[in-house]
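Peer 1: need coordinates for the following:
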Amino acid sequence: MEELFEKALQLSFTKTNQKLPTYKRFLYTNIKNSTSKIIGIYGARGVGKTTLMLQVLKSFKLPTKEALYISCDHPIFTDLNLFEFLDFFSKKGGKIIFIDEIHKIKDFQKHLKSAYDFLDIKIYFSGSSAIQITNLDLMRRFSMYKLPILSLREFIELFYNIKIKQISLEEILNNHQIISEEIIKLLKNNKILALFDEYNTYGAYPFSIEDKEKFLDKLQATIDASLYFDLAEIYKINIEKIHTLKKLLSTICISKPLELSIEKLANISNISKATLYKYIDYLSRADLIMHITHEAKRFKSVRKPDKLYLANTNLFKALCLNPDKGTIRETFFASMVSYKHKIHYLDKGDFLVDEKFTEKMPESPVF
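Peer 2: Down below sits the predicted model:
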C-alpha cells in the first residue's frame, strides 16, 4: 500500500498542477461549500466533472498529502481495495480525497459506507450518470449533484464572455418580454439566432472550446466511451448488444419523436419490448436520450406511446446527417427544462411542465 500511495501522490501532484479553465460551472460553489462528509458528482461524459473537482480541490490550497486526487480508470488502481486505500490515506494525515470515475471500483458503495462510518476524511467522488446508488442508507448520508450539459446561457458566457444571470422558469413566464430585451442589450452585436445555431452544433460540451474543428470527432468518441465502457461495464452488456444500443440512438436521431412506437422500434431492432425498455433505461441513465411519457400515463389505466429524444442537440451531428429541425427545437427545450422540472408531452401543445405549464413549440424559434 505504501508504494501505491506514493505513486498516487505523484499522479495527484501532476494532475493538480495542470492548467485549469478559469470558468467555473454553476455547481462549483454548492459543491465546494457542501458540509456533507461525502459528496457525489454525476453526469454524462464530457460535461466537465473532472475539471470541476480539480477546481474545488485547488481552492482548498492544501498540500497533496492532505488533499488527494485519484482517477480509478488509471491502471495502478485496477483491483483497488478502496476502503483500505482511504484508511491508509487517513492514517497518513489525509483530510480530503477526490475520487474520479468511481464506478470503475467494484462495490464502491460498500467502501464509501465503511469510510463514512469509520474514517475521519471528506470524500468527493464522480461517476457516470449511469451509476445507480442503490444503498438507501448511504443516500441519506451524502449529497449527490448532477452536472448537466452546458446551458445556452453558460455557452454564451464561456465562449463570448457575456455574463447573463440565471433566470427561473417562473421568471421567464411572468416577465419574458423584459428579460428578452435585457438579454438582447447584453449581447450587443451578437445575434441570438446565430448563437442558438452555434449552441445546437457544438455548445453543449465544454471541451468544444478547446478545438471546434475536432469537436465532432471528440463527441463521437465520447458517445462510444459511454456505450462501450460505462454501460458495458456497469450493466455487464456484451459488445453485440452495445451495437444494438448504438443502432437505437441512430434510429431515434433520424425519426420524429412519435414516428416510432415501441412496437415498431422493437421490430426494427429485432429485440423484445421488455429488452427495449431496459435498453431505453440504460441510454437514459447515460444521458444519451430523454424518455418522455404522455401526461395521461400519470393515470396507469391510460395507454399512450412514449417519446424518445436524443439527450441534447449536439448529438444529432454525431449520429445522423439530416435531423428534423422541429425535433431539434423540441430537444433543445426538453434538455434545458428537464434538469429542474418534470416534463410530459400532451396532445394539445408539445410539453406539459410540472403538471401546470403547457408549451407549444413555434415553427421557428422566438426569443
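
Peer 1: what's near enough to touch residue 246?
Peer 2: Residues near residue 246 by C-beta atoms under 8 Å, 6 or more residues apart in numbering: 223, 224, 227. Quick note: C-beta positions are derived from backbone N, CA and C, even for glycine.

Peer 1: any of the residues you listed buried? List them.
Peer 2: Neighbour-count burial (16 or more other C-beta atoms under 10 Å) is assigned, among those, to 223, 227.

Peer 1: shouldn't residue 35 be within a helix?
Peer 2: No - using DSSP: H, G, I helix; E, B strand; the rest coil, the assignment for residue 35 is coil, not a helix.

Peer 1: related to what we said a few turns ago, and the contacts of residue 246, which of them are in helices?
Peer 2: Secondary structure assignment by DSSP state H places 223, 224 of the contacts of residue 246 in helices.

Peer 1: out of the contacts of residue 246, flag the one nearest to residue 319.
Peer 2: Closest approach between these and residue 319, by C-beta to C-beta: residue 223, at 7.4 Å.

Peer 1: residues in contact with that closest one?
Peer 2: Neighbour list for residue 223: 246, 249, 288, 315, 318, 319 [criterion: C-beta under 8 Å, 6+ apart].

Peer 1: now those as CSV including distance to residue 165 and secondary structure?
Peer 2: Shown next, in CSV, are these (distance: C-beta to C-beta, whole Å; DSSP: H, G, I helix; E, B strand; the rest coil):
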residue, distance to residue 165, secondary structure
246, 39, helix
249, 35, helix
288, 30, coil
315, 28, helix
318, 31, helix
319, 34, helix
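
Peer 1: among these, which two are most distant?
Peer 2: Distance extremes for those: the farthest pair is 246 and 315 at 11.9 Å, using C-beta to C-beta.

Peer 1: average pLDDT for the helix or strand containing residue 330?
Peer 2: With elements taken from DSSP states H and E, the one containing residue 330 is helix 325-337. Helix 325-337 carries an average pLDDT of 94.

Peer 1: and it, C-alpha only, in PDB?
Peer 2: Once non-C-alpha atoms are left out, helix 325-337 reads as follows in PDB (Å, rounded to 0.1, in the frame of the first residue of the first chain):
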ATOM      1  CA  LYS A 325     -35.500  20.800 -37.400                       C
ATOM      2  CA  GLY A 326     -38.700  20.600 -35.400                       C
ATOM      3  CA  THR A 327     -37.200  17.700 -33.400                       C
ATOM      4  CA  ILE A 328     -34.100  19.800 -32.700                       C
ATOM      5  CA  ARG A 329     -36.100  22.600 -31.300                       C
ATOM      6  CA  GLU A 330     -38.100  20.200 -29.100                       C
ATOM      7  CA  THR A 331     -34.900  18.500 -28.000                       C
ATOM      8  CA  PHE A 332     -33.400  21.900 -27.000                       C
ATOM      9  CA  PHE A 333     -36.400  22.800 -24.900                       C
ATOM     10  CA  ALA A 334     -36.600  19.500 -23.200                       C
ATOM     11  CA  SER A 335     -32.900  19.300 -22.500                       C
ATOM     12  CA  MET A 336     -32.900  22.800 -20.900                       C
ATOM     13  CA  VAL A 337     -36.100  22.500 -18.900                       C
END
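
Peer 1: the helix or strand following that helix packs against which elements?
Peer 2: Using DSSP H and E, the helix or strand that directly follows helix 325-337 along the chain is strand 343-345. If you count contacts as 3 or more C-beta pairs under 8 Å, 6 or more residues apart in numbering; DSSP states H and E, strand 343-345 packs onto strand 289-292, strand 351-353.

Peer 1: now for the nearest residue to residue 260 once chain neighbours are set aside, how many residues are close by?
Peer 2: Counting by C-beta to C-beta, 6 or more residues apart in numbering, residue 251 is the residue found nearest to residue 260 once chain neighbours are left out, at 6.9 Å. Residue 251 has 18 neighbours, counted by other C-beta atoms under 10 Å.

Peer 1: pLDDT score assigned to residue 251?
Peer 2: pLDDT, residue 251: 90.

Peer 1: for the helix or strand containing it, buried residues please.
Peer 2: Using DSSP H and E, residue 251 sits in helix 239-254. Using 16+ other C-beta under 10 Å as the test for burial, helix 239-254 gives 241, 242, 245, 246, 248, 249, 251, 252, 253, 254.

Peer 1: quote the end-to-end distance of stretch 146-165.
Peer 2: Using C-alpha to C-alpha, to the nearest Å, the end-to-end distance of stretch 146-165 comes to 20 Å.

Peer 1: which parts of that stretch are buried?
Peer 2: Burial within stretch 146-165, assessed by neighbour count using 16+ other C-beta under 10 Å, is assigned to 147-159, 164.

Peer 1: now it: average pLDDT?
Peer 2: Mean pLDDT, stretch 146-165: 96.

Peer 1: equivalent analysis for stretch 33-44, please.
Peer 2: Rounded mean pLDDT across stretch 33-44 is 94.

Peer 1: mind listing the strands for the stretch 1-150 of the chain?
Peer 2: With strands called from DSSP state E, counting those that start in this stretch, the stretch 1-150 of the chain shows them at 38-43, 67-71, 96-100, 122-128, 143-146.

Peer 1: and the ones you listed: which comes nearest residue 10?
Peer 2: strand 67-71 (11.0 Å).

Peer 1: and the angle from the helix holding residue 251 to helix 325-337?
Peer 2: Computed by axes from the mean of the first three to the mean of the last three C-alpha atoms, to 10 degrees, the angle separating helix 239-254 from helix 325-337 equals 110 degrees.
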